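Visitor: What follows is a predicted protein model with its sequence.
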Amino acid sequence: MTAPGASTTRPLSFLAFDFGTRRVGVAVGNTLLARGQPLTKIAAEGEARFDAIGRLIAEWRPDALVVGVPFHPDGAAHDNTRRARRFARQLHGRFGLPVHEVDERYTTTQALADGAPDVDAAAAALILDQYLREHSR
């Protein structure tokens with residue numbers, strides 16, 4: 001029995017991605033812990049990249065995906081902004097899951113400063129942390 005006023009909604013789970021042209025960092029997290037955890041990096045391109053992502057989706061069964069989208073410090077878009085958004089659209093099209101974009105300025109810089117052993121996965125965790133903070137209200 002659920003106490004009055006208690007929520008019966010289950011926590012939502014996410015896979016988050018720090019997109020790069022050579023590597024993609026991946027993190028996992030959920031709304032219960034409200035924190036991203038570095039998972040892995042994918043150092044593959046083309047179909048091999050999406051095959052690896054598909055295996056992670058099958059294993060972790062996320063409710064949604066989060067993609068970091070980089071911008072210049074002044075907020076202007078650049079080539080990698082467009083590439084990351086294209087990657088987000090491809091994820092949605094291939095896997096049919098909701099995909100949320102997050103402004104990921106400075107996540108790699110922060111992961112480097114933190115001394116993370118896998119900078120790409122750590123940056124993905126920071127992206128997911130940011131998404132969860134922004135949407136926990």
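Guide: That came through fine. Numbers count the residues shown, from 1 in each chain.

Visitor: how close does the closest residue to D63 other than its chain neighbours get to D18?
Guide: Of all residues not flanking D63 in the chain, L12 sits nearest, at 4.4 Å (C-beta to C-beta, 6 or more residues apart in numbering). (Each C-beta comes from the backbone N, C-alpha and C, glycine too.) Distance, L12 to D18, by C-beta to C-beta, to the nearest Å: 20 Å.

Visitor: Please apply the same query to P62.
Guide: Distance, P62 to D18, using C-beta to C-beta: 16 Å.

Visitor: and the two? which has more neighbours close in?
Guide: D18 (30 against 20; other C-beta atoms under 10 Å).

Visitor: That one against D120, yeah?
Guide: Yes - under the criterion of C-beta atoms under 8 Å, D18 makes contact with D120 at 5.5 Å.

Visitor: Which neighbours do those two have in common?
Guide: 24-26, 108 (C-beta atoms under 8 Å, 6 or more residues apart in numbering).

Visitor: Which elements pack onto the one helix or strand in the chain whose mean pLDDT sits lowest?
Guide: Least confident helix or strand of the chain, by mean pLDDT, DSSP states H and E, is helix 107-113 with a mean of 93. Helix 107-113 is packed against helix 119-134, with contacts defined by 3 or more C-beta pairs under 8 Å, 6 or more residues apart in numbering; DSSP states H and E.

Visitor: Give the buried residues for the helix it packs on.
Guide: Buried residues in helix 119-134, defined by neighbour count with 16 or more other C-beta atoms under 10 Å: 119-132.
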